[in-house]
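1. Generate a structure from the sequence data that follows.
(one chain, ligands or ions: 2)
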Amino acid sequence: MEDAETATGLIGRSRFTSYNLPHSADMEILSKQLPSSLRDVPTGGGLLEKQVAGTRGNSLGDAMATLKEVELKLVKTASVPEGPLANAGEVSRLLREKTLEEVPPAFIFPEQTRATVPHDEFCDDQDIPTIDISPVFTKDSKELEYLVEEIARACESPGFFHVVGHGVPEQLVKDAQSHAAKLFDLPLDQKLQGSFAAGATKQRRGYNSTPKTFTPSPALIWQEGFTLIGDKSGQVDVDSYAEKIWPHDEQQRESFCQVYREYGGHSMRLALILKDLVIRALKVDPKHFEQYFENLTQVLHLTWYPSAPNPMEVMGLNPHYDVGFFTLIAQDEVPGLQLRGKDGKWFSIRPVPGAFCFNVADSLEALSNGRFKGNLHRVVVNKEKPRLSITTFFVVAFDKMINPPPELIDDAHPRLYRPFTLGEYMTSIRQAAVDYICNCGHLLDFVTVDSSTV
Ligand SMILES: O=C(O)CCC(=O)C(=O)O
Ligand SMILES: [Fe+2]
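-> Ligands and ions are numbered 1, 2, ... in the order given. As a prediction, the model looks like this:
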């Protein structure tokens, strides 16, 4: 199907020159960092707005970056609900009450940026592997060897697979989903108590009622979110938000915290297993990777995508690549997550009950010298049912130079990316690329070897 979406959605390097790049004092520094094909590109206006969009960028970036005072002010102002119809939390309530018949203008995407592939248009199931990782528990060496090969193939292409046999209790995932649904069902004022705008945090963590992510237009995305951060021990910072949301209801607070404490522990355990498998799949010295995982962080993001009166007018989540090492997504039974295939066509991932979706993210792509590759992905909504996902981003050390192990660089596989830290990738490099990533560009294109001054 060669439709308009394939043509406009497939924005690769060849479209580089059509983006607005930041101007002003930063431009000189920036232009030195850009690929040569990008220098001398006309600059565009609206930088401040784009930068705000950038700081509101994605749940991972926002959660990890401590916003500067000035940014915090901008983001706060931008986050103050501009009336009930410019607020996903309010819209979600009106939908529950069945009193909203049309998509409010604040959420309507310009036609050329909308998805045309509906939530239930799937690819062939065999294109997305389902991988049973139980051999890591049974320790059968033959099966383990086969598993590592399967992981290598899946990370090479399509860079996305379903993980089953993972040992995370099914009931725990269900409990985490039902507690998330209950959280989003609360009155908006109550949820907002647990938001960074209410002062619960300086980062865009906790509850978020008007997220706006990687969008080329001012349109708001059709979702509410709730973000928690966890460390390598598996602990997550759920208590601080729960205290604000349920100050007088200890029982609610405790049962919410209990579920996410447990979920955080299990998801970190699973991530550590998967990262070992991924490193084995690269057939390199695992020592090289230790530095990146010393303080592995997880960003646990609950997302509620309400159903929409006209689902193709809105976006649940704009097309983007994840920037961490890898991402795990627990989808509910409602489809909506879509990948852009190698042929440029979008398709929905059919939910596999009990599975986590594994998605290769930018740091892994760079550390594997491009051998493992992530996908552009997005979320579309539907007319009938809200969708809930629990997405966990695993993030390597911010201050370590991302360098692939020497075994992955040779004449046949020259170095693709210059050394960079994840810290700069998610701040200055991302700021410089906001327009580009808003238009489906891959941020990794900004750190290719030819984009460097060396
Ligand atoms: O909701 C989903 O299924 C995916 C969310 C996602 O891609 C993200 O938050 O980065
Ligand atoms: Fe994502």
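2. switch to C-alpha atoms for all contacts and neighbour counts from now on
-> Noted.
3. For the residue lying closest to residue 364 once chain neighbours are set aside, the count of nearby residues, please.
-> Here the nearest residue to residue 364 in space, its sequence neighbours aside, is residue 325; by C-alpha to C-alpha, 6 or more residues apart in numbering that works out to 4.7 Å. Applying other C-alpha atoms under 10 Å, we find 23 residues neighbouring residue 325.
4. Enumerate the residues of the stretch 251-400 of the chain near ligand 1.
-> Within the stretch 251-400 of the chain, the positions near ligand 1 by C-alpha under 6 Å from any ligand atom are 322, 331, 337, 378, 389, 391.
5. Serialize those residues to a markdown table and add fields for neighbour count, pLDDT and distance to residue 98.
-> Listed next are those as a markdown table, based on neighbours: other C-alpha atoms under 10 Å; pLDDT from 0 to 100; distance: C-alpha to C-alpha, whole Å:
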| residue | neighbour count | pLDDT | distance to residue 98 |
| --- | --- | --- | --- |
| 322 | 25 | 94 | 34 |
| 331 | 26 | 96 | 25 |
| 337 | 23 | 97 | 25 |
| 378 | 21 | 95 | 26 |
| 389 | 22 | 98 | 23 |
| 391 | 22 | 97 | 28 |
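6. so of those, which ones are in helices?
-> Among these, no residue falls in helices (DSSP state H).
7. Can you add distance to residue 297 and give these back as CSV?
-> Output for these, formatted as CSV (distance: C-alpha to C-alpha, whole Å):
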residue, distance to residue 297
322, 15
331, 21
337, 24
378, 23
389, 19
391, 13
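8. any idea how far residue 283 is from the residue nearest to residue 364?
-> Distance, residue 325 to residue 283, using C-alpha to C-alpha, to the nearest Å: 17 Å.
9. What of residue 102?
-> Residue 102 is 53 Å from residue 283, by C-alpha to C-alpha.
10. swap in residue 104?
-> Taking C-alpha to C-alpha, one finds residue 104 at 52 Å from residue 283.
11. if you skip the residues just before and after it, what's nearest to residue 371?
-> residue 156 is the one closest to residue 371 (C-alpha to C-alpha, 6+ apart), at 6.0 Å.
12. Isn't the one you found up against residue 375?
-> No - if you go by C-alpha atoms under 8 Å, residue 156 and residue 375 don't touch, sitting 10.9 Å apart.
13. higher neighbour count, the two?
-> Using other C-alpha under 10 Å, the more surrounded residue of residue 156 and residue 375 is residue 375, with 23 against 18.
14. From residue 365, how far out is that one?
-> 10 Å.
15. got any residues that touch both of those two?
-> Taking C-alpha atoms under 8 Å, 6 or more residues apart in numbering as the contact criterion, no residue touches both residue 375 and residue 365.
16. Tell me how many other residues crowd residue 294.
-> Around residue 294 there are 11 residues (other C-alpha under 10 Å).
17. Likewise for residue 85?
-> Residue 85 has 18 neighbours, counted by other C-alpha under 10 Å.
18. Doesn't it belong to a helix?
-> Yes - assessed with DSSP: H, G, I helix; E, B strand; the rest coil, residue 85 lies in a helix.
19. show me where this protein has strands.
-> Assigned by DSSP state E, the chain shows strands spanning 130-132, 160-164, 206-208, 224-230, 297-305, 317-320, 326-331, 337-340, 346-348, 356-360, 377-379, 387-395, 401-402, 420-421.
20. Pick the most buried one from those.
-> strand 206-208 (a mean of 28; mean count of other C-alpha atoms under 10 Å).
21. average model confidence for that one?
-> For strand 206-208, mean pLDDT rounds to 88.
22. what packs against that strand?
-> Secondary-structure packing of strand 206-208 (3 or more C-alpha pairs under 8 Å, 6 or more residues apart in numbering; DSSP states H and E): helix 188-192, strand 224-230.
23. just to revisit the earlier point, which of residue 102 and residue 283 has more neighbours?
-> Neighbour count, other C-alpha under 10 Å: between residue 102 and residue 283, residue 283 has more, with 13 against 10.
24. For that one, list the residues it contacts.
-> Residues in contact with residue 283 (C-alpha under 8 Å, 6+ apart): none are found.
25. same check, this time on residue 284
-> Residue 284 sits next to 405, 407-408 when contact means C-alpha under 8 Å, 6+ apart.
26. same deal with residue 322?
-> 360-362, 374.
27. before we move on, what about residue 299?
-> 60, 63, 227-230, 392-395.
28. what do you get for residue 307?
-> 95, 381-387.
29. Which of these are buried, as a ChimeraX select command?
-> Buried residues among these (16 or more other C-alpha atoms under 10 Å), as a ChimeraX selection:
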select :95,381,382,386,387
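30. Just the ones of the contacts of residue 307 in helices?
-> Here DSSP H is the test, and those give residue 95 as lying in helices.
31. Could you dump the contacts of residue 307 into a markdown table with pLDDT added?
-> Shown next, in a markdown table, are these (pLDDT from 0 to 100):
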| residue | pLDDT |
| --- | --- |
| 95 | 87 |
| 381 | 97 |
| 382 | 97 |
| 383 | 95 |
| 384 | 94 |
| 385 | 95 |
| 386 | 96 |
| 387 | 97 |
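32. Which of the contacts of residue 307 sits closest to residue 120?
-> Residue 120 lies nearest to residue 382 out of these, by C-alpha to C-alpha, at 8.8 Å.
33. thinking again about what came up before, which among the contacts of residue 307 gets closest to residue 277?
-> For the contacts of residue 307, the nearest to residue 277 is residue 387 (30.3 Å; C-alpha to C-alpha).
34. centroid residue for the protein?
-> Most central in the chain under C-alpha atoms, centre = their mean is residue 322, positioned 4.6 Å from the mean C-alpha point.
35. Outside of stretch 248-263 itself, list whatever touches it.
-> 172-173, 175-176, 179, 234-236, 238-239, 242-243, 245-247.
36. thinking again about what came up before, save the contacts of residue 299 as CSV, and put in pLDDT too.
-> Shown next, in CSV, are these (pLDDT from 0 to 100):
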residue, pLDDT
60, 57
63, 58
227, 93
228, 94
229, 92
230, 94
392, 97
393, 96
394, 97
395, 94
